[in-house]
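Asker: I'd like to go over a predicted model; first the sequence, then the structure.
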Amino acid sequence: MRTPRLAAGGPPGRPGAGWEPIAAPDYDVIVVGARVAGASTAMLLARQGHRVLMVERAGMPSDVVSTHAILRSGVLQLTRWGLLDRVIAAGTPPVRDVILGFGGDRIPFEVRPEFGVDALYAPRRHLLDSILVEAAQEAGVEFADRTRVVDLARGPIGQVTGVVLKGQGNRLIRTAQMVVGADGVWSRIAGLVGANAYEGHPATNAVTYAYFREVEMSGFWFQFTPGVNAGLIPTNDGLCCVFVGRSNDRGADFRASDDEFNHLLRSAAPDLAEMVSEGSRASGFRGTNGLPGFIRQPWGPGWALVGDAGYTKDPISAHGISDGLRDAELCARAVDRAIRHPDGWVEAMTGYQSLRDRLSLRMFQEAQALARFEWDAAEASSRMRVISESVRAECEALEGLGEWSSAMSLSSV
C-alpha cells in the first residue's frame with residue numbers, strides 16, 4: 001500500500017496560486033467519485049442550481065469493502081436531505097439497541113431520540129450508494145460510471161480547470177470551475193494536486209468480516225477485548241455483518257477460514273461467538289490488512305477534496321460513512337460559496353477546512369489509539385466515550401449550519 005505523504009509541521013496556510021473563474025466551462029463542478037461523499041456532494045451542489053458532472057471508475061451499483069454502520073450524525077444528514085425514507089424503504093432494519101463490550105463487561109443501551117434521530121441504520125453499500133447516486137441524478141447531476149480521471153487540466157496560473165477522462169475507449173477533457181476529489185483513501189486527485197497530509201498514522205488494524213444469516217441480534221454490538229475487537233451489524237435481507245479486528249502484525253497468521261475467524265471471535269467474546277455459531281455464513285470473507293489514517297489539505301486553486309480523499313481514520317470507530325455524509329455538506333457549501341463569490345473563495349474554503357478539522361481531530365486521535373491494540377478494557381471504554389461525545393458535537397454543528405439559500409440561477413449572481 002502507498003503511504004500518504006506527510007508534510008512537516010502543522011496544516012498549511014493559503015495555497016500560493018490564485019484562483020479565478022474560467023470563461024464558459026463545461027460544468028460548474030466536476031465530482032470525481034460516486035460513493036457516499038461524492039454522490040452526496042454532487043447532489044447538494046446540483047440542488048443549489050450548479051451544473052455538475054460526476055464520474056466513477058467502477059460500474060454502479062457495486063459493493064465496496066465496508067462494515068456500513070451509520071451513526072447518529074450520518075442518520076441526521078440523511079434525514080435533513082430527505083433520503084432516510086429511501087434507506088428504510090430498501091429494507092434496512094432500524095437499530096435501537098446497542099451493546100458495547102469491554103472485556104467481560106457488557107453495556108447495553110437504547111438509542112434515545114435526539115436531534116430528530118430515533119434509530120441507527122446499516123444499509124448495504126450497493127443500496128446506500130445507489131440511493132445517493134439516484135438522488136444526485138434527480139437533482140440534475142450528469143453521471144458517468146466506468147470512467148476514470150487520468151489527469152487534470154490546468155489554467156495559465158496553475159489552477160485546476162478540469163479533468164482528462166478515459167472511459168469506453170474515449171479520452172476527453174471536461175472543464176469546470178471546481179474539481180472535487182471524492183475518490184477515496186488512495187485518491188488520484190489528491191496525488192495530482194499534491195495534497196499533503198498534516199496529521200497521519202500508519203495502518204495498524206487488520207479487519208476481516210463476512211455476512212451471516214439467522215444471527216439473532218437486532219442491534220449493534222461493538223466488542224473491545226485486549227488484543228482484538230469484534231462486532232455484529234444487522235443489515236439488509238436478514239443478514240448480519242460479523243467482523244473481527246486485530247493488530248496487522250498478526251495478519252500473516254490469518255488465512256480467512258471459518259476456524260480462524262471463529263477463533264478470533266471467541267478471543268473477543270465467547271458469548272458473541274456463540275450467537276454467531278447459531279447462524280450460518282452467507283458470504284466469503286472480505287477485509288483489509290489495515291488502512292492509514294490522515295488529515296489532508298482539502299482545497300487549493302480550482303480543487304477540493306471530500307470524504308476519505310481528504311480525511312480518513314481507522315475503521316475501528318465505525319464512523320467512516322457518517323464522516324462522508326457530514327463532510328459532503330461542509331464541502332458543498334464552501335464550493336457553492338466560492339463559485340458564487342469568487343473574491344471570497346479563500347475564506348470559504350478555509351472555513352471548510354477549519355470546521356472539518358475541528359469536528360474530526362478528537363475522533364481521529366481516539367481511533368488511532370484504539371487501532372494500536374495497546375489498551376486494556378477500561379481504556380477502550382474511556383476512548384469510546386470520547387467518540388460518543390464527538391458524535392454529539394457533530395450533530396450540534398450540523399444542526400447549527402443555518403439556512404442554505406435555495407437553488408438559483410448562477411447567471412443572475
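Answerer: Cool, the structure landed.

Asker: give me the average confidence score over the helix or strand containing Val180.
Answerer: Element membership for Val180, per DSSP states H and E: strand 170-181. When pLDDT is averaged over strand 170-181, the result is 95.

Asker: can you check stretch 37-52 too?
Answerer: Mean predicted lDDT for stretch 37-52 stands at 98.

Asker: buried sites along it?
Answerer: 37-52 (16 or more other CB atoms under 10 Å). Where you see a C-beta, it was placed from the backbone N, CA and C, and this is true even at glycine.

Asker: with stretch 232-244 instead?
Answerer: Those would be Leu232, Ile233, Pro234, Thr235, Asn236, Leu239, Cys240, Cys241, Val242, Phe243, Val244, for stretch 232-244 by 16+ other CB under 10 Å.

Asker: now do the end-to-end distance for it.
Answerer: 9 Å (CA to CA, to the nearest Å).

Asker: again with stretch 108-121
Answerer: 17 Å.

Asker: same question for it: list its buried residues.
Answerer: Buried-residue list, stretch 108-121, by 16+ other CB under 10 Å: Val111, Phe115, Val117, Ala119, Leu120, Tyr121.

Asker: again with stretch 216-223
Answerer: Met217, Gly219, Phe220, Trp221, Phe222, Gln223.

Asker: just the residues contacting it, thanks.
Answerer: 69, 93, 95-101, 120, 122, 229-234, 240, 268-269, 272, 275, 278-279, 318, 384 (CB atoms under 8 Å, 6 or more residues apart in numbering).

Asker: over to stretch 267-284?
Answerer: For stretch 267-284, the surrounding residues in contact (CB under 8 Å, 6+ apart) are 101, 210-217, 221, 223, 225, 227-232, 239-240, 242, 244, 256, 258, 262, 265-266.

Asker: now do 7 Å
Answerer: 101, 210-217, 221, 223, 225, 228-230, 232, 239, 242, 244, 258, 262, 265-266 (CB atoms under 7 Å, 6 or more residues apart in numbering).

Asker: after the strand holding Val180, next one along is what?
Answerer: Downstream of strand 170-181, the first helix or strand assigned by DSSP H and E is helix 188-193.

Asker: so for Trp19, what's the pLDDT?
Answerer: So, for Trp19, pLDDT stands at 85.

Asker: now it, what's its secondary structure?
Answerer: Following DSSP: H, G, I helix; E, B strand; the rest coil, we place Trp19 in the coil state.

Asker: touching, it and Val346? I think so.
Answerer: No. With contact defined as CB atoms under 7 Å, Trp19 does not reach Val346; the gap is 8.1 Å.

Asker: more neighbours: the two, which one.
Answerer: The residue with more neighbours, out of Trp19 and Val346, is Trp19; 24 against 17, by other CB atoms under 10 Å.

Asker: distance of that one relative to Leu305?
Answerer: 15 Å (CB to CB, to the nearest Å).

Asker: kindly report the same for Gly231.
Answerer: Gly231 sits 29 Å away from Leu305, going by CB to CB.

Asker: more neighbours: the two, which one.
Answerer: Taking other CB under 10 Å, Gly231 and Leu305 do not tie; Leu305 has more neighbours (31 against 28).

Asker: need the contact list for Arg372.
Answerer: Applying CB under 7 Å, 6+ apart, the residues near Arg372 are Thr204.

Asker: now do the lengthiest helix in the chain against strand 170-181, angle only.
Answerer: Counting by DSSP state H, the longest helix found in the chain is helix 345-371. Angle, helix 345-371 to strand 170-181, by axes from the mean of the first three to the mean of the last three CA atoms, to 10 degrees: 80 degrees.

Asker: what about Glu389, how many neighbours?
Answerer: 13.

Asker: roughly how far is the one helix or strand it maps to from the heart of the chain?
Answerer: Counting by DSSP H and E, the element that carries Glu389 is helix 377-399. Distance of helix 377-399 from the chain centroid (CA atoms, centre = their mean, to the nearest Å) equals 17 Å.

Asker: contacts for it?
Answerer: For helix 377-399, the external contacting residues (CB under 7 Å, 6+ apart) are 71-73, 76-77, 100, 102-103, 105, 115, 224-226, 317, 326, 359, 362-363, 366, 369-370.

Asker: what angle do helix 345-371 and that helix make with each other?
Answerer: Using the same axes, to 10 degrees: helix 377-399 against helix 345-371 is 160 degrees.

Asker: give the buried residues for helix 377-399.
Answerer: Ala380, Ser381, Arg383, Met384, Ile387, Ser390, Val391, Glu394, Cys395, Leu398.

Asker: now stretch 203-214
Answerer: Applying 16+ other CB under 10 Å to stretch 203-214 flags Ala203, Thr204, Asn205, Ala206, Val207, Thr208, Tyr209, Ala210, Tyr211, Phe212 as buried.

Asker: ok so, going back, what's the strand holding Val180 packed up against?
Answerer: strand 27-32, strand 147-154, strand 160-167, helix 188-193, strand 303-305, helix 320-340 (3 or more CB pairs under 7 Å, 6 or more residues apart in numbering; DSSP states H and E).

Asker: what's the most buried one of these?
Answerer: Neighbour counts (mean count of other CB atoms under 10 Å) averaged over each of these peak at strand 303-305, with a mean of 29.

Asker: quick one: mean pLDDT for that one?
Answerer: 98.

Asker: circling back to that earlier point, quick one: which of the buried residues of helix 377-399 is nearest Val65?
Answerer: Nearest to Val65 among those: Ile387, at 21.4 Å, using CB to CB.

Asker: mean confidence score for the helix holding Glu389?
Answerer: 96.

Asker: helix 320-340 and that helix, what's the angle between them?
Answerer: Using the same axes, to 10 degrees, helix 377-399 lies at 30 degrees relative to helix 320-340.

Asker: kindly export helix 377-399 (C-alpha atoms) in CSV.
Answerer: Taking Å, rounded to 0.1, in the frame of the first residue of the first chain, the C-alpha atoms of helix 377-399 are listed here in CSV:
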residue,chain,number,x,y,z
ALA,A,377,-10.8,-2.7,28.6
ALA,A,378,-11.0,0.3,30.8
GLU,A,379,-9.0,2.5,28.4
ALA,A,380,-11.1,1.3,25.5
SER,A,381,-14.3,2.2,27.4
SER,A,382,-12.9,5.7,28.1
ARG,A,383,-11.9,6.3,24.4
MET,A,384,-15.4,5.2,23.2
ARG,A,385,-16.9,7.8,25.5
VAL,A,386,-14.8,10.4,23.8
ILE,A,387,-16.0,9.1,20.4
SER,A,388,-19.6,9.4,21.6
GLU,A,389,-19.1,12.9,22.7
SER,A,390,-17.6,13.7,19.3
VAL,A,391,-20.7,12.4,17.5
ARG,A,392,-22.8,14.7,19.7
ALA,A,393,-20.7,17.7,18.8
GLU,A,394,-21.0,16.8,15.1
CYS,A,395,-24.8,16.7,15.4
GLU,A,396,-24.9,20.1,17.2
ALA,A,397,-22.6,21.6,14.5
LEU,A,398,-24.8,20.2,11.6
GLU,A,399,-28.0,21.5,13.2
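
Asker: fine by me, thanks again.
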